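> Here's a sequence, model it:
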Amino acid sequence: MSCDLAFQTLFATEIALVVTGVPIGSHPPANGPLPYVQFGQSEITDDFVPGHRVLMEVHVWSKVEGPHEVKDIQGKIRGALHGRCLTGAGWRFTCVREDTARTFLDVDGETWHGVQRFRASASPT
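The predicted model follows:
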């Protein structure tokens, strides 16, 4: 399994433990229920020996008035992942860190959107 897909799979497992009842996936269904946690862009670099650095964006979507629901979910995700080491699918991810988190009103004027970017060092097991 690729490094970034393994990272995403492990993230989904950890997020599901703390954000119960919220759908998690790569493609939110059209007109599907919100809130929703979505995996966004990922990036892998080869500047870490013997493995990689991996970056992963996690998006949170909500239609609740105000950013509170998005920020609450982001806080739970941060608590579940930041500072962790994760192992699975042939990879070990160390030094998992949240690099950035931002929350904003989407262009539709109704949907709150949160974007978190996480990074880790990845080594094959």
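> residue contacts, Gly79?
Taking Cβ atoms under 8 Å, 6 or more residues apart in numbering, we find Gly79 in contact with Val18. All C-beta atoms are positioned from the backbone trio N, CA, C, and that covers glycine.
> Can you tell me how far it is from Val96?
Shown here: Gly79 relative to Val96, a distance of 12 Å by Cβ to Cβ, to the nearest Å.
> same check, this time on His113
According to Cβ to Cβ, His113 and Val96 sit 23 Å apart.
> Which one's more surrounded, these two?
Val96 (23 against 18; other Cβ atoms under 10 Å).
> need the contact list for that one.
Neighbours of Val96 in contact, by Cβ under 8 Å, 6+ apart: 81-86, 118-120.
> Can you lay out those as CSV showing distance to Asn31?
Below are the contacts of Val96 laid out as CSV (distance: Cβ to Cβ, whole Å):
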residue, distance to Asn31
Leu81, 29
His82, 32
Gly83, 37
Arg84, 34
Cys85, 38
Leu86, 33
Phe118, 28
Arg119, 33
Ala120, 34
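> Drop anything exposed from those residues.
81, 84, 86, 118-120 (16 or more other Cβ atoms under 10 Å).
> Dump the residues you listed to a markdown table, plus pLDDT.
Output for these, formatted as a markdown table (pLDDT from 0 to 100):
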| residue | pLDDT |
| --- | --- |
| Leu81 | 95 |
| Arg84 | 94 |
| Leu86 | 95 |
| Phe118 | 97 |
| Arg119 | 95 |
| Ala120 | 94 |
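> Not counting its neighbours along the chain, what's nearest the residue most central in space within the chain?
The chain has Val58 as the residue nearest its centroid, 3.1 Å off, counting by Cα atoms, centre = their mean. Spatial nearest neighbour of Val58, chain neighbours left out: Gln116 (4.7 Å); criterion: Cβ to Cβ, 6 or more residues apart in numbering.
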